[in-house]
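Asks: any chance you could fold what I've pasted below:
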Amino acid sequence: MLRDGEETPSRYELLSMVKKHSSLLGKTVVDASDVEMDPRFWHDVLDLYFVRGKDSRGRQDDDLVFFVRKLSSQGFNDDVPPYFVRRWAPKLDNLIGEKSVEVDWRRSFHLNLIAHTTFTVTVAICSHQDLRNHQADQDKPLSPIYKVVKTVYASPSRVNFHLDSQKAMETTPAYPDICFAVDDFDSTFDAVVLTDSDHCYCVILNAHDGAAFPKAKDPDDCSSSDSSSLKVDTSSAKAKSSKLTLFSGFVSYQMVRDAYDAGKSRFGNLLSLAHSPGKQDKLYMKGPGGRGEVEVAVSGVADQSQQDTGPFSPVTSNRGFGIGFMVRKAASVASVAAKNAYAAAASSHSFDEEMIPLKCCLMSISLPWEHIAYDLLFKGTPPVNL
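Replies: Got it, this is the predicted structure:
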């Protein structure tokens, strides 16, 4: 792709090229003669973007490079992971050697673009009425009652959490889905408690930095080569927002409560409750239009007014789900939060109406890689801000 002596293009220039040749993202009918499906093009772009490029040589990214295996006519082989990982090296051939023939270079480029981008998840409690007002008029501000913002990392593997343990127990391939897991979900979202029927549980995933957001070259920093085969009309590239929303969705308190009480969903594929032993408090929520899946650990908050604070976390489900051992200070904080939750619920409901505060801990978000790649390249709508 580069002739001898030519300057390596910047990531901004390379991404402009990628956009021009990514019109088939998400489509099943492809033209094999198109450059978009030319493996050599994607091999070279991956090499320049993540291995030989100045940004990669400076190791501003994580030092892992991902390679997706070619898809057979039967799909991915369950016995062989759909991807493999290598530590960064100055030369691509040194990274993969003879495995080069196994690589789907187009998918590999997009997987690395996703994996080396920075993401944050916002989990918030919002008023249902405020959400309706905001949907009717986007100019109306949306002020959350409570929110937590957490940096998360894109991975082609899925963490299978066991709710009777504080730690993730096993990791399995998720690709072609991309998973954003929160390993410390129980402590990160310990104070996210729905205490009112007007409360909604909101989840937003934003991308805002990293490989998908390259900076444009300064005018006086352009390549002096006139013969480069990588010339790009950067003036035609649309300016991209510094933040993109890849997932946003919410469910009401009543939806969570009904699924929690019944042990099964009455809302189709929007919300469902896992039935596996030890996982009775794990809820799965589908995103808008069925896009993506959110995994949430839900537990009823115990009434602390009749309990003494001990060395273990007092926040337990009425089905016996314990969060596990915490230090005394953390247990005390959780006890105060539980008391406040019950006080808030009692103050807004009559005594003949049982209001159970529900703690919702986000465990993971999963999205198909093509949806993420398309949004990173082309999405132009303003991000959702809370």
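
Asks: so where is the stretch 51-200 of the chain shaky, pLDDT-wise?
Replies: Where the stretch 51-200 of the chain drops to pLDDT under 70, the residues are 54-62, 73-78, 164-169.

Asks: which residues in it form helices?
Replies: All helices of the stretch 51-200 of the chain, identified by DSSP state H, counting those that start in this stretch, fall at 54-57, 92-96, 105-115, 128-136, 185-188.

Asks: list the buried residues of the fourth one.
Replies: Just to be clear, that refers to helix 128-136. By 16 or more other Cβ atoms under 10 Å, the buried positions in helix 128-136 come out as His128, Asp130, Leu131, His134. In short, each C-beta sits where N, CA and C put it, glycine included.

Asks: tell me what the residue nearest to the third one when sequence neighbours are not counted is bridged to.
Replies: Nearest non-adjacent residue to Leu131, counting by Cβ to Cβ, 6 or more residues apart in numbering: Cys200, 5.8 Å away. The partner list for Cys200 in beta bridges (DSSP bridges) reads Cys126, Ser252.

Asks: against Gly290, how distant is Cys200?
Replies: Cys200 sits 19 Å away from Gly290, going by Cβ to Cβ, to the nearest Å.

Asks: neighbour-wise, which of those two wins?
Replies: Set Cys200 next to Gly290 and count neighbours by other Cβ atoms under 10 Å: Cys200 wins out with 25 against 10.

Asks: just to revisit the earlier point, from the buried residues of helix 128-136, pick the one nearest Val85.
Replies: Using Cβ to Cβ, Leu131 comes nearest to Val85 of the buried residues of helix 128-136, at 40.0 Å.

Asks: who touches the closest one in this structure?
Replies: Leu131 is in contact with Leu142, Cys200, Cys202, Phe250, counting by Cβ atoms under 8 Å, 6 or more residues apart in numbering.

Asks: of those, which is the most crowded?
Replies: Counting by other Cβ under 10 Å, Cys200 has the largest number of neighbours within the contacts of Leu131, with 25 neighbours.

Asks: does Val45 touch Lys20 like I think?
Replies: No. Here Val45 does not reach Lys20: they are 11.4 Å apart, not a contact under Cβ atoms under 8 Å.

Asks: who has more neighbours, those two?
Replies: Taking neighbours as other Cβ under 10 Å, Val45 and Lys20 compare with Val45 leading, 23 against 14.

Asks: what about that one, which SS state?
Replies: Three-state assignment for Val45 (DSSP: H, G, I helix; E, B strand; the rest coil): helix.

Asks: so what's Pro173 closest to, chain neighbours aside?
Replies: Distances taken as Cβ to Cβ, 6+ apart place Pro81 nearest to Pro173, at 5.0 Å, with adjacent residues excluded.

Asks: do you know how far the one you found is from Leu111?
Replies: Distance, Pro81 to Leu111, using Cβ to Cβ: 13 Å.

Asks: Cys200 too?
Replies: Applying Cβ to Cβ to Cys200 and Leu111 gives a distance of 33 Å.

Asks: run a quick neighbour tally on Tyr175.
Replies: The burial count for Tyr175: 21, using other Cβ under 10 Å.

Asks: how about Tyr201, what does it touch?
Replies: Going by Cβ under 8 Å, 6+ apart, Tyr201 touches Val123, Ile125, Val192, Leu194, Phe250, Val251, Ser252, Tyr253, Val256, Val296, Cys360.

Asks: make it 10 Å
Replies: Contacts for Tyr201 (Cβ atoms under 10 Å, 6 or more residues apart in numbering) come out as 123-126, 192, 194, 249-253, 255-256, 283, 285, 294, 296, 298, 358, 360, 362.

Asks: likewise for Val256?
Replies: With the criterion set at Cβ under 10 Å, 6+ apart, Val256 makes contact with Leu194, His199, Cys200, Tyr201, Leu271, Leu273, Leu283, Met285, Val296, Val298, Leu358, Cys360.

Asks: quick one: least confident of the residues you listed?
Replies: Among the contacts of Val256, Leu273 has the lowest pLDDT, at 53.

Asks: just read off the phi/psi values of Gly287.
Replies: When read as degrees, to the nearest 10, the backbone of Gly287 gives phi -80, psi 180.
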